[in-house]
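K.L.:
Okay, sequence plus prediction incoming.
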Amino acid sequence: MPEDPVFSPDCPSRPILDQIADKWSMMAMAVLEKPTRFNELKRRLGGVTQRVLTQTLRRLERNGMVKRTVLPTSPVGVVYSLTPMGESLRVPFGHLYGWTVEHSEQIRRCQREYDESQVVASNV
């Protein structure tokens with residue numbers, strides 16, 4: 001039976017999925033409801049470093065999800081916004097985020113139970 005090309009190691013969707021579905025990409029795209037300056041993004045994304053946010057925004061820009069606009073101000077300002085393709089991910093990402101929030105306590109409970117079972121198993 002031939003292998004499904006979507007699950008093939010060289011499927012071109014894999015690196016794209018990896019780049020757009022990571023935590024910081026999803027969170028940055030959620031914050032970009034309107035054009036937003038870099039420092040505002042950084043403030044809203046608690047815990048992200050400047051380096052990681054810069055890398056994330058560059059990847060999203062390279063993938064056509066985010067547009068970077070240089071403002072003619074002094075000092076120079078930069079605003080990030082979603083492209084139409086980036087906007088098209090807001091609904092599916094919103095569903096995923098909602099699912100995560102809805103199930104987070106249940107998942108944490110499962111993690112605790114699993115971790116406790118591993119401690120018991122290692123003591124046997």
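P.N.:
Okay, I see it. Numbering: from 1, shown residues only.
K.L.:
What segments of this protein are helices?
P.N.:
Ranges of helices within the chain are 13-20, 23-31, 38-44, 50-62, 84-87, 90-122, based on DSSP state H.
K.L.:
Name the surrounding residues that touch the third one.
P.N.:
Going back to what we said before, that points to helix 38-44. Counting contacts by Cβ atoms under 8 Å, 6 or more residues apart in numbering, the residues outside helix 38-44 that touch it are 28, 31, 32, 36, 48, 50, 53, 54, 57, 78, 80. For glycine as for every other residue, the C-beta is placed from the backbone atoms N, C-alpha and C.
K.L.:
unless I'm mixing things up, the fifth one is touching residue 24, no?
P.N.:
Yes: with the criterion set as Cβ atoms under 8 Å, residue 48 and residue 24 qualify as a contacting pair; they are 5.8 Å apart.
K.L.:
what's near enough to touch residue 105?
P.N.:
Neighbour list for residue 105: empty [criterion: Cβ under 8 Å, 6+ apart].
K.L.:
do the same with residue 80
P.N.:
Counted by Cβ under 8 Å, 6+ apart, residue 80 has contacts 28, 32, 35, 36, 37, 38, 41, 57, 66, 67, 68, 69.
K.L.:
Tell me how far it lies from residue 35.
P.N.:
7 Å (Cβ to Cβ, to the nearest Å).
K.L.:
Also residue 96?
P.N.:
Taking Cβ to Cβ, one finds residue 96 at 24 Å from residue 35.
K.L.:
Same check on residue 86?
P.N.:
To residue 35, residue 86 is 12 Å away according to Cβ to Cβ.
K.L.:
Kindly report the same for residue 100.
P.N.:
26 Å.
K.L.:
And for residue 26?
P.N.:
For residue 26 relative to residue 35 (Cβ to Cβ), the value is 19 Å.
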